[in-house]
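A.B. asks: The amino acid sequence is not available; the structure is as follows:
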Ligand SMILES: Cc1cc2nc3c(=O)[nH]c(=O)nc-3n(C[C@H](O)[C@H](O)[C@H](O)COP(=O)(O)OP(=O)(O)OC[C@H]3O[C@@H](n4cnc5c(N)ncnc54)[C@H](O)[C@@H]3O)c2cc1C
């Protein structure tokens, strides 16, 4: 993969304009007030951004992972915290429904999800299960009316305002990851409560909360994909999600580099811009090189996915490298802004707090090293 098509370049320009108009001006305020800008859902739906990679028959644009990664990169550059809300909605909840949903489920959730009229969340993690799906304890017991769900979910982003949740639960206790199934659960069902909102270091524009299921009965049609095949369904969704996470990290890394390049040209010390010092120039050269490598890995993984070629290893490599690079870039950016990067008015401190989450969500760096090692035959 060597470049983008003219249509993709045009698309990038339209997204940049959108971000500069609608996201950048509110990014700091949303972080401070811990409020997600919900009005962006229908707006992005109208512009076709939520449906970039979904089939036209449900209102999508039918584009591939590369075009979607372009959108993700620009959103990540504008605000990682706001981008996270769109990430769980599109890259996880809607992606799983588009890939494994029945036509009725797609009508009910994918179509309004693409339009930004319904918001989705992804409830996989639990108090006792994060990296290890085999530890999932949330139970979905088969009953004549469908399934009865009991358990607690942790860190469900978007859940304070989501209309539905794609939930992973055990349908075969004792079978670990082999007994998992996915369900689409509507907000407001009896026995489904959104619990406490969780305070986080960064990503404060997004909202994440605990979910409590206490005998919540869902109909049989709520099952997404095949019963007891949920681990595979979730992993396929997460593999594509990883490319998006990598693209967000590329965007956030770019924001760090761009801001720093600008700053070192105007900040004067010892009678000259600090960017004239070789020590500073070498840091920026390393930042730019690492960022370019992140971009190449990310768009290569997206391109492989679009070609229908194997991309598990490449998606993990992109996610691992791009997210660790973004953390390093945000740290170096803060260093090169000196004390002015550390003050609360600076967008760099927000970036520094936000990007660390990329290394934890969607499989931690350690889990991606495990996946890559397995793909190497180890
Ligand atoms: C702000 C925020 C938003 C989130 N949003 C969502 C969401 O919307 N939906 C959702 O389902 N989850 C969400 N999560 C949860 C996130 O995906 C998990 O935190 C992540 O998967 C790690 O799980 P854990 O926190 O339980 O860590 P653990 O799995 O307990 O890991 C602890 C440490 O042990 C390491 N470790 C674990 N196993 C291994 C191993 N086999 N080899 C080497 N090292 C290992 C990990 O890398 C980590 O460093 C969110 C988390 C946060 C903080």
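C.D. replies: Yes, it's here. Just so we're clear, the structure is a prediction, and the values are computed from it rather than from any experiment.

A.B. asks: Where do the strands of the stretch 51-200 of the chain begin and end?
C.D. replies: 120-123, 139-143, 146-157, 164-170, 180-186, 192-197 (DSSP state E, counting those that start in this stretch).

A.B. asks: Excluding sequence neighbours, find me the nearest residue to residue 350.
C.D. replies: Closest residue in space to residue 350, ignoring its immediate chain neighbours: residue 31 at 5.3 Å, by Cβ to Cβ, 6 or more residues apart in numbering. The way it works is simple: take the backbone N, C-alpha and C, and place the C-beta from them, glycine included.

A.B. asks: Give the burial count for the one you found, as a bare number.
C.D. replies: 24 (other Cβ atoms under 10 Å).

A.B. asks: and if you look at residue 112?
C.D. replies: Residue 112: 18 neighbours (other Cβ under 10 Å).

A.B. asks: Hmm, residue 240 and residue 92 touching each other?
C.D. replies: No - applying Cβ atoms under 8 Å, one finds residue 92 not in contact with residue 240, separated by 9.1 Å.

A.B. asks: which ones are touching the residue in the stretch 101-250 of the chain that the ligand sits nearest to?
C.D. replies: The nearest approach of the stretch 101-250 of the chain to the ligand comes at residue 130, 1.8 Å away (Cβ to the nearest ligand atom). Residue 130 is in contact with residue 154, counting by Cβ atoms under 8 Å, 6 or more residues apart in numbering.

A.B. asks: how much space between it and residue 124?
C.D. replies: Note on residue 130: its distance to residue 124, by Cβ to Cβ, to the nearest Å, is 9 Å.

A.B. asks: need the contact list for the spatially most central residue of the chain.
C.D. replies: The centroid of the chain falls nearest to residue 87 when counting by Cα atoms, centre = their mean (3.6 Å). By Cβ under 8 Å, 6+ apart, the contact set of residue 87 is 72, 157, 241, 244, 245, 248.

A.B. asks: give me that answer again for 7 Å
C.D. replies: Shown in contact with residue 87 (Cβ atoms under 7 Å, 6 or more residues apart in numbering): 244, 248.

A.B. asks: For residue 3, the count of nearby residues, please.
C.D. replies: Quick note: residue 3 (other Cβ under 10 Å) scores 8 neighbours.

A.B. asks: Looks to me like it is in a helix.
C.D. replies: No - under DSSP: H, G, I helix; E, B strand; the rest coil, residue 3 falls outside any helix and is assigned coil.

A.B. asks: about what we covered before: is there any residue in the helix or strand where the residue nearest to residue 350 lies that contacts the ligand?
C.D. replies: Per DSSP states H and E, residue 31 falls inside helix 24-33. No - applying Cβ under 6 Å from any ligand atom, one finds helix 24-33 out of contact with the ligand, separated by at least 13.0 Å.

A.B. asks: by contact count, what packs against that helix?
C.D. replies: Secondary-structure packing of helix 24-33 (3 or more Cβ pairs under 7 Å, 6 or more residues apart in numbering; DSSP states H and E): helix 80-86, helix 347-355.

A.B. asks: Check the average confidence over it, would you?
C.D. replies: Helix 24-33 shows a mean pLDDT of 98 in the predicted model.

A.B. asks: Could you check the angle it makes with helix 347-355?
C.D. replies: 70 degrees (axes from the mean of the first three to the mean of the last three Cα atoms, to 10 degrees).

A.B. asks: tell me which residues in the helix or strand just after helix 24-33 are buried?
C.D. replies: Next helix or strand after helix 24-33 toward the C-terminus (DSSP H and E): helix 40-46. In terms of neighbour count (16 or more other Cβ atoms under 10 Å), helix 40-46 has its buried residues at 40, 41, 44, 45.

A.B. asks: got the residues of the stretch 151-300 of the chain near the ligand?
C.D. replies: Within the stretch 151-300 of the chain, the positions near the ligand by Cβ under 6 Å from any ligand atom are 155, 156, 157, 200, 203, 208.

A.B. asks: Figure out how far the helix or strand where residue 280 lies is from the centre of its chain.
C.D. replies: Here residue 280, judged by DSSP H and E, is contained in helix 278-306. Distance of helix 278-306 from its chain centroid, counting by Cα atoms, centre = their mean, to the nearest Å, is 19 Å.

A.B. asks: So which other helices or strands are in contact with the helix or strand immediately after it in the chain?
C.D. replies: Using DSSP H and E, the helix or strand that directly follows helix 278-306 along the chain is helix 312-336. Secondary-structure packing of helix 312-336 (3+ Cβ pairs under 7 Å, 6+ apart): helix 230-266, helix 278-306, helix 339-342, helix 347-355, helix 365-375.

A.B. asks: Could you see whether the ligand lies near helix 312-336?
C.D. replies: No - against the ligand, helix 312-336 shows no contacts by Cβ under 6 Å from any ligand atom, the least distance being 11.3 Å.

A.B. asks: Okay, domains of this structure per the record?
C.D. replies: Domain assignment of the chain by automatic domain parsing yields the ranges 6-118, 122-230, 231-375.

A.B. asks: Okay, now the unreliable bits of the chain?
C.D. replies: 1-2 (pLDDT under 70).

A.B. asks: In it, which residue sits furthest out from the middle?
C.D. replies: No residue in the chain sits farther from the centre than residue 271, which is 43.7 Å out by Cα atoms, centre = their mean.

A.B. asks: measure it to the ligand for me?
C.D. replies: Separation of residue 271 from the ligand (Cβ to the nearest ligand atom, to the nearest Å) stands at 44 Å.

A.B. asks: ok, how many other residues are close to the residue lying closest to residue 53 once chain neighbours are set aside?
C.D. replies: Setting aside the residues directly before and after it, residue 53 is nearest to residue 68 in space (Cβ to Cβ, 6+ apart), at 4.4 Å. Residue 68 is flanked by 26 other residues according to other Cβ under 10 Å.
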